[in-house]
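Participant: no sequence on this one, just coordinates:
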Ligand code: ARG
C-alpha cells in the first residue's frame, strides 16, 4: 500500500504499548541522579555491576579520578534514601545500595508491573519507522533476510518498551532490472502450471537458469534490459505478469512471518517509487545537486563519496533513486523522529550515499536516519548467494531447527502429549534460530551452529526456556501463591545478587534501545539464568519457612517474569512446562 494511506490507517488504530514511568525503578531513579550530576547522558551507560572483589553494588566508570571524587561527593549530598554509601576509587564511583530497600522495592515492582516490568517511558512520545526484512519478490527469502527480519522485529519491540511508537515497514524488492531477466526466462522456458504450483521455487529456478544461459549467450542481458525498459514504460502484459509474481511472493513471505509471529504495518515496494523517483531526480537537477553525465545519465557526487548514478543512460531508475523517493515519503507521511534501516553491512556505501543525498536535499533536517547494519550469515562455513542458487531458504532452516528440537525434547522423556510436544518443538526450534542470531553481536559475521543453538547448558534459547519452565514449576508447587512479605528476609549473597541483577533489567532494555543492540538483553538473560540455576541448585525454596520462603518465592517469580519479558522483546516464546 502507498505509505501515506498506510500511515492514516496506522494512526487510527495503533495503540502505543503501555509502559511504566521510569521513576518506578530504583535503579533508574539512581541513573537520573547520575545524569543530573554528570550533566550528560554518556557515562550513565557505564553503570555496571562491579566484579566481586570490589564489593560495591554498582560501579560507574568515569575515566578521571578527580572527576570521580567530585561526582561521588555530589551524589552523597543528595541523601537519596535508597543509598548507603558512595565512594570514589580511582576513576570509578562505587555505590552501595540499601539492601533491604533494594530487595523490597524491586520484588514489589515486578509483582505490580508483571509483563510491563522492564518497560519505561524514557522515549515516551517519540516515533520511529523501522524498515526490516525487505526481501526480493520472486526469490525465496534468504537467510540474509532472516537476520533483518529477526533483528528488526526485536528492535521494534525494544523501542516500544521504551515508549516509542513504532511503524513496521517492509520494503519489498519488487522492481529493477532483475525482473527483465525473470520475465525473459519465464517467457522463454517457463510453464504457468508449474509456477502456480510452486511459485517461489519455480521462479527462483528460472532466475538461476537465466544466469547460467547468459554466461553462454551474451545477448540475453540486452534482451532482459529491454524487457525491463518496457516494464518501466508500463507495458500492460508485462505489468500483469509482474504483478502476478509479486502477489504470489507476498503470500509465500506471509506464511514465514506468521510462523515468526510478525505483522507489518505496511508492505511497501520499490515499484511504488518509480514515478516519485523521477520527480526527485528532477529536483536534484534543478538544485544542481546532481548533473547529466554520459548519454543523459544522471550522476551525483556528494561529500567525497564515490559518484553514483540516479538514472541510467537508457532512462531507467535505480535502486538508489527509488530509495531516496521512499525516504522522503516516509518522512512526510509519518513524521518520525528517526528512520531505521535494518540491512546487511554490504550495503553500507549505498546508505551513506542515500543519507548524504537526503541531507543535501533537506529531507533529514528534523529526522535522524540510521543504517542498522549486520554481518553475513555463514552456514557450514560457507556464505550464501541466491544468484548461484546455493542459498538455504529460510523455511528450510526453520524446519530443520524444529526437527532437531523435537529430537532433543524426546530424549528428555517429557510427560507431554503428542500435541503439546509438537507445539513445544515449534516454539523451541524457531526460538533457537531467532535467539542464536540475536545473541551474536549484530555487526559481526555470524554462523548457525546446531550444537550451540540447541545447547541445553547455556547460550541458547532452550537453556532460557528450560530455566523459565523450572521456575514456573517451583511456583506451581507453591500453589502459585506469591507475595512480597512486609519484612523481606535473605541469608545468602546470591539472593541479593539476583535481586540486584533484576533491578538492572529496565536499564538494560534502555541501553539495548539506545545502542540498537538486542544482544545486550541476551547477555543479561544468560547471566540471570545462570545465577538463578545456581540458586535453585544450592538453596531450598519450597522447604524454607516464613518470610524467608516468601521472599525466595517472590524472587523465583520475579525471575520467571523477567525471563519471559526479556524473551518477548527478542520474539522468543516461553513454555509453562518442558
Ligand atoms: N531488497 C533489498 C535486498 O534484498 C533490501 C532493501 C533494503 N532497504 C532499502 N531501503 N534499500 O537487497
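Facilitator: Sure thing, it's come through. Since the model is a prediction, treat every value here as computed from it, not as a measurement. Numbering: from 1, shown residues only.

Participant: so where does residue 432 fall, helix or strand?
Facilitator: helix 418-439 (DSSP states H and E).

Participant: and for residue 186?
Facilitator: helix 178-189.

Participant: got a list of what the residue of the chain found nearest the ligand touches?
Facilitator: The ligand sits closest to residue 173 of the chain, with a gap of 3.1 Å, by Cβ to the nearest ligand atom. Backbone N, C-alpha and C define where each C-beta goes, glycine included. Contacts here follow Cβ atoms under 8 Å, 6 or more residues apart in numbering; on that basis residue 173 touches 134-137, 269-270.

Participant: restricted to helices, list these.
Facilitator: Among the contacts of residue 173, no member is found in helices (DSSP state H).

Participant: show me the shaky parts of the stretch 251-400 of the chain.
Facilitator: Residue ranges of the stretch 251-400 of the chain with pLDDT under 70: 380-392.

Participant: hmm, try it at 90
Facilitator: Along the stretch 251-400 of the chain, segments meeting pLDDT under 90 span 252, 274-276, 278, 295-296, 312-317, 376-397.

Participant: need the residues of it near the ligand, please.
Facilitator: Counting by Cβ under 6 Å from any ligand atom, the residues of the stretch 251-400 of the chain close to the ligand are 323, 341, 343.

Participant: so where do the strands sit in the stretch 351-500 of the chain?
Facilitator: 368-374, 377-379, 382-383, 446-448 (DSSP state E, counting those that start in this stretch).

Participant: could you look over those strands and pick the most buried one?
Facilitator: Ranked by mean neighbour count, these are led by strand 446-448 with a mean of 20 (mean count of other Cβ atoms under 10 Å).

Participant: kindly report the residues of this protein close to the ligand.
Facilitator: So far as Cβ under 6 Å from any ligand atom goes, the chain lies against the ligand at 131, 134, 136, 171, 173, 323, 341, 343.

Participant: quick one: which of those residues sit in strands?
Facilitator: Using DSSP state E, 131, 171, 341, 343 are the members of those that sit in strands.

Participant: tabulate the residues you listed (TSV), appending neighbour count.
Facilitator: Putting these into TSV (neighbours: other Cβ atoms under 10 Å) gives the following:
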residue	neighbour count
131	24
171	24
341	25
343	25
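
Participant: kindly reformat the residues you listed as CSV and extend each row with distance to residue 542.
Facilitator: Listed next are those as CSV, based on distance: Cβ to Cβ, whole Å:
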residue, distance to residue 542
131, 49
171, 52
341, 50
343, 50
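
Participant: sorry, back to before: which other helices and strands does the helix holding residue 186 contact?
Facilitator: Applying 3 or more Cβ pairs under 8 Å, 6 or more residues apart in numbering; DSSP states H and E, one finds that helix 178-189 contacts helix 199-216, helix 219-232, helix 236-260.

Participant: mind listing what's buried in that helix?
Facilitator: 178-186 (16 or more other Cβ atoms under 10 Å).

Participant: which one of these is nearest residue 276?
Facilitator: Comparing those against residue 276 with Cβ to Cβ places residue 179 closest, at 18.6 Å.

Participant: where does the closest one land on pLDDT?
Facilitator: For residue 179, the model assigns a pLDDT of 91.

Participant: repeat for residue 77
Facilitator: In this prediction residue 77 is given a pLDDT of 96.

Participant: contacting residues around the residue nearest to residue 525 when sequence neighbours are not counted?
Facilitator: Closest residue to residue 525 apart from its sequence neighbours, by Cβ to Cβ, 6 or more residues apart in numbering: residue 566 at 4.6 Å. By Cβ under 8 Å, 6+ apart, the contact list for residue 566 reads 118, 505, 521, 524-525, 528.

Participant: with distance to residue 78 and pLDDT added, can I get the residues you listed in JSON lines?
Facilitator: Below are the contacts of residue 566 laid out as JSON lines (distance: Cβ to Cβ, whole Å; pLDDT from 0 to 100):
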{"residue": "118", "distance to residue 78": "26", "pLDDT": "98"}
{"residue": "505", "distance to residue 78": "24", "pLDDT": "98"}
{"residue": "521", "distance to residue 78": "30", "pLDDT": "98"}
{"residue": "524", "distance to residue 78": "28", "pLDDT": "98"}
{"residue": "525", "distance to residue 78": "32", "pLDDT": "98"}
{"residue": "528", "distance to residue 78": "29", "pLDDT": "98"}
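
Participant: show me those residues that map onto helices.
Facilitator: Among the contacts of residue 566, the ones falling in helices (DSSP H) are 505, 521, 524-525, 528.

Participant: which two among these are spaced furthest apart?
Facilitator: Farthest pair in the ones in helices among the contacts of residue 566, by Cβ to Cβ: 521 and 528, 10.3 Å.

Participant: which one of the two has more residues nearby?
Facilitator: residue 521 (26 against 22; other Cβ atoms under 10 Å).

Participant: ok, now how distant is that one from residue 290?
Facilitator: Distance, residue 521 to residue 290, by Cβ to Cβ, to the nearest Å: 42 Å.

Participant: residue 104 now?
Facilitator: From residue 104 across to residue 290, the span is 63 Å (Cβ to Cβ).

Participant: and these two? Which one has more around it.
Facilitator: Taking neighbours as other Cβ under 10 Å, residue 104 and residue 290 compare with residue 290 leading, 23 against 20.

Participant: follow-up on the earlier one: now the angle from the helix or strand harbouring the residue nearest to residue 525 to helix 418-439?
Facilitator: Assigned by DSSP H and E, residue 566 falls within helix 546-570. Going by axes from the mean of the first three to the mean of the last three Cα atoms, to 10 degrees, helix 546-570 is angled at 70 degrees with respect to helix 418-439.

Participant: ok, back up a step: closest to residue 142 out of the strands of the stretch 351-500 of the chain?
Facilitator: In terms of Cβ to Cβ, the element of those nearest to residue 142 is strand 377-379, at 8.5 Å.

Participant: my read: residue 300 touches residue 292, true?
Facilitator: No. Under the criterion of Cβ atoms under 8 Å, residue 300 is not in contact with residue 292, lying 11.2 Å apart.

Participant: neighbour-wise, which of the two wins?
Facilitator: Comparing residue 300 with residue 292 by other Cβ under 10 Å, the one with more neighbours is residue 300, at 23 against 11.

Participant: what pairs with the more buried one across the strands?
Facilitator: Legend: beta-bridge partners of residue 300 under DSSP bridges are residue 290, residue 308.
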